[in-house]
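Engineer: turn this into a structure:
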Amino acid sequence: MKNKFIKSVAVILVSVCMCASTVYADNPGLIKRSQDACKNATYDIPTVTNDIEGWPQGPAIMCDAGVVMEQETGTVIYNKAMEEKRYPASTTKIMTALVALENSSLTDTVTFTAEGLREAVPGNSYVTPVLQVGETLTMEQCLYAIMLVSGNEVSTQVAMQVGGSLEGFVELMNQKAEELGCRNTHFVNANGLHDENHYTTAYDLALIARAAYENEDFRKITGTKYYTIPATNMTSQPRELSNHHALLGEGGDWSYEGCLGGKTGYTDAALNTLVTYFEKEGTVYIAVVMHYKGTQIFTDTVMLAEYAKEFEKLHVIPEAYLVSGGVAVVPKGTQPDEVEIEMQGDGTSKEEKERLLFHGYQTGEAVVNEAARIQDEEAAQEEEEQIREELEKEQTESESLWENQEETSFYECIMAILGGLILLGLVMIIISVLARKKRRKKKSKKRKAGK
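Structural biologist: From the prediction side, this is the model:
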């Protein structure tokens, strides 16, 4: 029995490795890494989305939590333990950049202080040469340092300036998380250095990444491979920044076509975390993988990106009432009539949400102008009522005319009969008179003959 079990496990692992080889056929470096990872793979945490009827089966990633979210609709096409709390490490900086962009200008100047630079220690900063007290950068330069090389001290200094204090900025971060619908997220710093009270989930991190990507400046920054900070007031040496996201690289074993940027993260408690934006067939997706030590975060992300090829977008809402959305992300080949539309509101507000469901699973959402819909329905009902009233009126007039015609025909028949009888009576009278005259003539002739 034990041998059969071992053989079964071996078959599964070999199959997974073969699948991975197919996925990475165009990249030998990723093939080798995927095969090595498969040797020690464990798949004890099922993917929730694999249980959806008619849903393409997702890959068995090695990271403990993962999610793939479609950017436009927010539809989750892959879910592995996405609601479990995890430490985000430096992927926190996506929220840091978003809050900074929404509450400052790219041309603002940021002057570094001793308090802000306290985290500029070996292993905590990749900004070289090291920033100095009194040195000044622009907000734009700071955001590149935060997103490309994960500058912890830069994150803290930006937070102190934008929020008035680190605590003030963290409050803005938590407010933004709540606004975005994050259910299990709490921040205590701006850079992601470990704290037991600093946590999120794969799903919440995808929501934050989705909101950030809607900002044009953020899209530009996260998708930049190299950036140069010129000489400053404290140094004549420029700072050359190279994006840490390996899949965004040019060539090499880790480069992946379609990658649009993202953010890496690591602490001893969080292990490796990774947020990635990628595009497949014109659709942008967000992949989040959390809690795995090693480069498997990249191969896991590539498997998820390849999995996204199984899906497409369908427009399923009548455009006449559409305010936003109206797009469902569904398995390829799905027909529009297979997507169920479910109203969310009670019909009392001007705008109502509609859920777009694939076998009961939400694959999109639309906001429709309910007031316009109700107005059109009322107008259609009024028009239908008018048509009904006109038809009833015409029917009444027709019946009345028919009744009049029936009455007229009845009287005409009576008159015709009476006229016929009168005429017949006159004819009989005439005949009787003529007959009487004829008899008189005969009698007169007999009298004359008798004489």
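Engineer: do a quick rundown of the helices in the stretch 251-400 of the chain.
Structural biologist: Applying DSSP state H, counting those that start in this stretch to the stretch 251-400 of the chain gives helices spanning 296-307, 370-450.
Engineer: out of the ones you listed, which is closest to Gly325?
Structural biologist: Gly325 lies closest to helix 370-450 among the helices of the stretch 251-400 of the chain, at 13.8 Å (C-beta to C-beta). (Each C-beta comes from the backbone N, C-alpha and C, glycine too.)
Engineer: and the average pLDDT for that closest one is what?
Structural biologist: For helix 370-450, mean pLDDT is 72.
Engineer: likewise for stretch 55-68?
Structural biologist: 95.
Engineer: same question, stretch 350-364
Structural biologist: Mean predicted lDDT for stretch 350-364 stands at 88.
Engineer: cool, and stretch 257-275?
Structural biologist: 96.
Engineer: what about the residue most central in space within the chain, distance to Glu338?
Structural biologist: By C-alpha atoms, centre = their mean, the mean C-alpha position of the chain lies nearest to Thr73, the distance being 1.6 Å. For Thr73, the distance to Glu338 equals 17 Å [C-beta to C-beta, to the nearest Å].
Engineer: same check, this time on Val188
Structural biologist: 45 Å.
Engineer: and what of Glu392?
Structural biologist: When distance is defined by C-beta to C-beta, Glu392 is 41 Å away from Glu338.
Engineer: the two: which is more packed in?
Structural biologist: For Glu392 versus Glu338, neighbours defined as other C-beta atoms under 10 Å are more numerous around Glu338 (16 against 10).
Engineer: can you pull the contacts of the more buried one?
Structural biologist: Glu338 makes contacts with 330, 358, as judged by C-beta atoms under 8 Å, 6 or more residues apart in numbering.
Engineer: what's the neighbour count on Gly168?
Structural biologist: If you count neighbours by other C-beta under 10 Å, Gly168 ends up with 12.
Engineer: element containing it, please.
Structural biologist: Element membership of Gly168, judged by DSSP states H and E, is helix 166-179.
Engineer: elements contacting the helix or strand following that helix?
Structural biologist: Heading C-terminal from helix 166-179, the first helix or strand you meet, by DSSP H and E, is helix 202-213. If you count contacts as 3 or more C-beta pairs under 8 Å, 6 or more residues apart in numbering; DSSP states H and E, helix 202-213 packs onto strand 65-70, strand 76-80, helix 93-102, helix 166-179, helix 216-222, strand 271-280, strand 283-292.
Engineer: could you redo the last one with a cut-off of 6 Å?
Structural biologist: Where contact means 3 or more C-beta pairs under 6 Å, 6 or more residues apart in numbering; DSSP states H and E, helix 202-213 is packed against strand 65-70, helix 93-102, strand 283-292.
Engineer: can you report how many residues neighbour Asp376?
Structural biologist: Neighbour count of Asp376, defined by other C-beta under 10 Å: 13.
Engineer: ok, it to Gly282 distance?
Structural biologist: Asp376 is 33 Å from Gly282, by C-beta to C-beta.
Engineer: just Ala159 next, same as before
Structural biologist: Distance, Ala159 to Gly282, using C-beta to C-beta: 36 Å.
Engineer: the more surrounded of the two?
Structural biologist: Ala159 (25 against 7).
Engineer: wait, what's in contact with that one?
Structural biologist: 166, 169, 190 (C-beta atoms under 6 Å, 6 or more residues apart in numbering).
Engineer: which SS class is it?
Structural biologist: Classification of Ala159 by DSSP: H, G, I helix; E, B strand; the rest coil places it in helix.
Engineer: okay, and the beta partners of Ile341?
Structural biologist: Listed by DSSP bridges, the beta-bridge partners for Ile341 are Leu356.
Engineer: quick one: low-confidence ranges for the stretch 151-300 of the chain?
Structural biologist: For the stretch 151-300 of the chain, residues meeting the criterion pLDDT under 70 lie at 252.
Engineer: can you report how many residues lie near Gln71?
Structural biologist: Count around Gln71 with other C-beta under 10 Å applied: 20.
Engineer: let me see the confidence value for it.
Structural biologist: Gln71 is given a pLDDT of 96.
Engineer: was I right to think it contacts Thr283?
Structural biologist: No. Counting by C-beta atoms under 6 Å, Gln71 does not reach Thr283; the two are 7.5 Å apart.
Engineer: show me the shaky parts of the stretch 1-150 of the chain.
Structural biologist: 1-47, 120-124.
Engineer: ok, now with 90
Structural biologist: Within the stretch 1-150 of the chain, the stretches with pLDDT under 90 are 1-51, 118-128.
Engineer: need the strands for it, in chain order.
Structural biologist: Per DSSP state E, counting those that start in this stretch, the stretch 1-150 of the chain carries strands over the ranges 65-70, 76-80, 109-111, 136-138.
Engineer: could those strands go into a markdown table alongside distance to Asn197?
Structural biologist: Below are the strands of the stretch 1-150 of the chain laid out as a markdown table (distance: least, C-beta to C-beta, whole Å):
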| stretch | distance to Asn197 |
| --- | --- |
| strand 65-70 | 19 |
| strand 76-80 | 25 |
| strand 109-111 | 27 |
| strand 136-138 | 30 |
